[in-house]
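Peer 1: Based on what follows, work out the 3D shape:
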Amino acid sequence: MSVLLLLQAKGRMTAQALADELEVSVRTIYRDVESLHAAGVPLYGDAGPSGGYQLLDGYRTRLTGLTEQEAESLFLAGLPGPAADLGLGDAVSAAQLKLMAALPSSMRDRASHMATRFHLDAPAWYYDPERSPFLGLVADAVWRERLLEVSYRRWRAPEDVTRVLRPLGLVLKAGRWYLVAQGSTRISTYRVSQIQAAAVLDETFERPDAFDLAAHWTASLEDFQARQYTGSAVIRLSARGWESFSSHVLPVVARAAEESAVDDGEGVRVTIPIESLAHATGMLLRMGGEVEVLEPAELREQVTAAVRALASIYLG
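Peer 2: This is a model prediction of the structure:
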């Protein structure tokens with residue numbers, strides 16, 4: 001389908017150009033062209049320096065009749081839950097039906113076969129879906145590039161603030177929606193469920209030409225992790241604790257442990273990043289006697305105090 005749509009959009013293309021565009025081998029392109037021929041697509045090729053593959057003049061795939069909203073919803077075709085959150089559930093269903101009707105019968109059967117065997121469940125385990133009553137309104141401001149006035153509840157004082165934002169994009173991470181928006185001075189991230197009130201203003205704004213939502217989100221995550229972990233700790237894990245350690249901690253902590261692991265004869269000694277003494281104490285206590293804190297002394301003292309408090313409760 002990618003080969004077909006590329007030829008439809010760009011006209012004549014060589015096998016090498018198609019391979020480069022789709023990041024596959026030229027041999028794969030040859031096989032795909034044979035498959036298109038077998039499916040009845042009027043595709044022909046010319047040899048020579050100016051040759052290449054081309055669709056018969058006038059031929060187009062029958063991806064017609066899509067409304068503007070259905071076209072916008074295509075990127076959510078595999079995400080029925082998020083599509084419904086954004087008010088695009090019906091549009092996604094309609095777009096999928098029209099796409100299926102446009103496919104040749106052999107490809108339609110393969111698409112149906114795929115749909116019955118793969119399912120994406122975005123939310124993380126043990127978390128109920130967040131209520132985001134203003135998600136649809138926020139999405140509308142993103143689509144139409146309108147200024148958005150929000151009353152937002154944050155974790156630090158003053159907790160409730162009012163902002164006028166330039167909404168640049170929405171991100172769904174682990175079942176939670178986040179708004180990436182430009183305020184008066186910088187681009188920030190807002191958790192949509194923490195928006196207490198919102199209004200789309202009549203005034204429009206110009207989206208920064210160089211802004212890339214995916215790249216910005218990746219950079220934001222890296223910056224957050226760098227600021228999140230302000231210290232480090234050295235711990236010793238038993239054999240059993242080492243085997244299960246990655247299931248008790250976040251991936252960034254597990255990776256640090258793997259990179260620093262040393263067998264010191266008494267167990268596996270690792271150095272891990274920590275957010276704070278209190279957070280690290282709670283994280284390590286979950287592992288019981290499978291872990292021992294070696295450094296820093298302050299963390300060892302906090303863990304010791306917590307163990308003594310537990311002993312006084314359960315042992316009298």
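Peer 1: Now do the buried residues in the helix or strand encompassing residue 300.
Peer 2: Using DSSP states H and E, the element containing residue 300 is helix 297-314. The neighbour-count criterion (16 or more other CB atoms under 10 Å) identifies 299-300, 302-303 as the buried residues of helix 297-314. Just so you know, the C-beta spots here come from the backbone N, C-alpha and C atoms, and that holds for glycine as well.
Peer 1: Over to stretch 274-282?
Peer 2: Neighbour counts using 16+ other CB under 10 Å place 274, 280-281 of stretch 274-282 among the buried residues.
Peer 1: Just those residues: which are in helices?
Peer 2: 280-281 (DSSP state H).
Peer 1: can the buried residues of stretch 274-282 go into TSV with extra columns for distance to residue 153?
Peer 2: Output for those, formatted as TSV (distance: CB to CB, whole Å):
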residue	distance to residue 153
274	28
280	28
281	28
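Peer 1: which one of the buried residues of stretch 274-282 sits closest to residue 233?
Peer 2: Using CB to CB, the shortest approach to residue 233 within the buried residues of stretch 274-282 belongs to residue 274, at 5.1 Å.
Peer 1: Just the pLDDT at the closest one, thanks.
Peer 2: For residue 274, the pLDDT comes out at 94.
Peer 1: Then the one 10 residues further on?
Peer 2: What the model reports for residue 284 is a pLDDT of 94.
Peer 1: Can you dump the C-alpha atoms of stretch 29-48 in CSV for me?
Peer 2: These are the backbone C-alpha positions of stretch 29-48, laid out as CSV (Å, rounded to 0.1, in the frame of the first residue of the first chain):
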residue,chain,number,x,y,z
ILE,A,29,10.3,-3.5,-3.8
TYR,A,30,10.4,-6.0,-6.7
ARG,A,31,8.3,-8.4,-4.6
ASP,A,32,5.8,-5.7,-3.7
VAL,A,33,5.4,-4.7,-7.3
GLU,A,34,4.7,-8.3,-8.2
SER,A,35,2.1,-8.4,-5.5
LEU,A,36,0.5,-5.2,-6.8
HIS,A,37,0.4,-6.8,-10.3
ALA,A,38,-1.2,-9.9,-8.9
ALA,A,39,-3.9,-7.7,-7.1
GLY,A,40,-4.8,-6.1,-10.5
VAL,A,41,-3.1,-2.8,-10.0
PRO,A,42,-2.2,-1.3,-13.4
LEU,A,43,1.5,-0.7,-12.7
TYR,A,44,4.2,-0.8,-15.3
GLY,A,45,7.9,-0.2,-15.4
ASP,A,46,10.4,1.3,-17.9
ALA,A,47,14.1,0.5,-18.0
GLY,A,48,16.8,3.1,-18.5
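Peer 1: can you give me how far it is from the chain middle?
Peer 2: Chain-centre distance of stretch 29-48: 36 Å, with CA atoms, centre = their mean, to the nearest Å.
Peer 1: Scan the chain for its longest strand.
Peer 2: Scanning the chain for the longest strand, with DSSP state E as the assignment, gives strand 160-173.
Peer 1: C-terminal to that strand, which secondary structure element comes first?
Peer 2: Moving toward the C-terminus from strand 160-173, the next helix or strand (DSSP H and E) is strand 176-182.
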